[in-house]
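*Asks:* Pasting the sequence and the predicted coordinates here, then a few questions.
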Amino acid sequence: MATLPLEVGNLDGLIYFFALIMIGPAIVLAIIGGILSANKKKKAAKVFYILAGVYLLISFGACGLMAGGF
């Protein structure tokens, strides 16, 4: 009969993966906003900056609490 291992090894990769999910899209949105700002499209750049801020707020708020176990 096969047994399931109860101990896991190093989970650093999983932590980095969750951090990338929480921060990565906001960084991409901010970079797009910076590119648009340099191209004189201020209104579109402002939209992307706001989207990046909202993404960070939600990912560190609701998702961060779930990842932290609270």
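*Replies:* The structure has been received and is ready for your questions.
*Asks:* Helix or strand next in line after the lengthiest helix in the chain, which one?
*Replies:* Longest helix in the chain, counting residues (DSSP state H): helix 12-38. Moving toward the C-terminus from helix 12-38, the next helix or strand (DSSP states H and E) is helix 42-58.
*Asks:* now for that following helix, which elements pack on it?
*Replies:* With contacts defined as 3 or more C-beta pairs under 8 Å, 6 or more residues apart in numbering; DSSP states H and E, helix 42-58 has these neighbours: helix 12-38. (C-beta placed from N, C-alpha, C; glycine too.)
*Asks:* other SSEs contacting the helix it packs on?
*Replies:* Helices and strands touching helix 12-38, by 3+ C-beta pairs under 8 Å, 6+ apart, are helix 42-58, helix 64-68.
*Asks:* ranking these by burial, who's on top?
*Replies:* With neighbours defined as mean count of other C-beta atoms under 10 Å, these peak in mean count at helix 42-58, which reaches a mean of 15.
*Asks:* how many degrees apart are that one and helix 12-38 in direction?
*Replies:* With axes from the mean of the first three to the mean of the last three C-alpha atoms, to 10 degrees applied, the angle from helix 42-58 to helix 12-38 works out at 160 degrees.
*Asks:* Against Ala52, how distant is the nearest residue to Ala44 once chain neighbours are set aside?
*Replies:* With sequence-adjacent residues excluded and distances taken as C-beta to C-beta, 6 or more residues apart in numbering, Ala44 is closest to Leu36, at 4.8 Å. In this view, Leu36 and Ala52 are 12 Å apart by C-beta to C-beta, to the nearest Å.
*Asks:* can you check Leu11 too?
*Replies:* With C-beta to C-beta as the criterion, Leu11 and Ala52 are 28 Å apart.
*Asks:* No further questions, thank you.
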